[in-house]
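# Next one to model:
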Amino acid sequence: MAEAPIVVHRPGPRGGRRVDVRGQDVGLAHNVSDVAEFLRRAGLDIDPTEVAVSPLIEWRGGGPEEWGHDDGG
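From the prediction side, this is the model:
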């Protein structure tokens, strides 16, 4: 099975999650809206309501509800 073109990595020690699009780091997201914005900037128009369930996105180290320090996770 091929790796998803978008990877949201596990939460960092200070909160937030790195986001990769096609192997390129595009930023540190602190919520699903940030992920949607990074994808928009990368030319991928995914509605923010679809980010959590899109098959194009691999969530590592927790799902879209986990963001690290800010959520106590």
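# bridging residues for the residue positioned nearest the centre of the chain?
The structure's the chain has its C-alpha centroid closest to V8; by Cα atoms, centre = their mean the separation is 3.5 Å. Assessed by DSSP bridges, V8 has beta-bridge partners V19, W59.
# quick one: the closest residue to P5 other than its chain neighbours from I46, how far?
Nearest non-adjacent residue to P5, counting by Cβ to Cβ, 6 or more residues apart in numbering: R22, 5.3 Å away. C-betas here are computed from N, CA, C, even on glycine. Look at R22 and I46: by Cβ to Cβ, to the nearest Å, they are 14 Å apart.
# The residue nearest to P5: neighbour count?
Residue crowding around R22 was assessed by other Cβ atoms under 10 Å; the count is 10.
# Please apply the same query to the one 5 residues further on.
When counting by other Cβ under 10 Å, one arrives at 17 neighbours for G27.
# Would you map the helices across this protein?
Chain-ordered helices for the chain, with DSSP state H as the definition, fall at 32-41.
# which residue ranges form the strands in the chain?
6-8, 17-21, 24-29, 57-59 (DSSP state E).
# which of these sits most buried?
Mean neighbour counts were taken over these using mean count of other Cβ atoms under 10 Å, and the top value, a mean of 22, falls to strand 6-8.
# Check the offset of that one from the chain's centre.
If you compare the mean C-alpha spot of strand 6-8 with that of the full chain, they lie 5 Å apart, counting by Cα atoms, centre = their mean, to the nearest Å.
# Who are the packing partners of it?
Taking 3 or more Cβ pairs under 8 Å, 6 or more residues apart in numbering; DSSP states H and E as contact, the helices and strands that strand 6-8 lies on are strand 17-21, strand 57-59.
# want to try TSV for these, with mean pLDDT and distance to N31 as columns?
Formatted as TSV, the helices and strands packed on strand 6-8 follow (pLDDT from 0 to 100; distance: least, Cβ to Cβ, whole Å):
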stretch	mean pLDDT	distance to N31
strand 17-21	97	9
strand 57-59	96	13
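# That's all I had, so thanks and see you.
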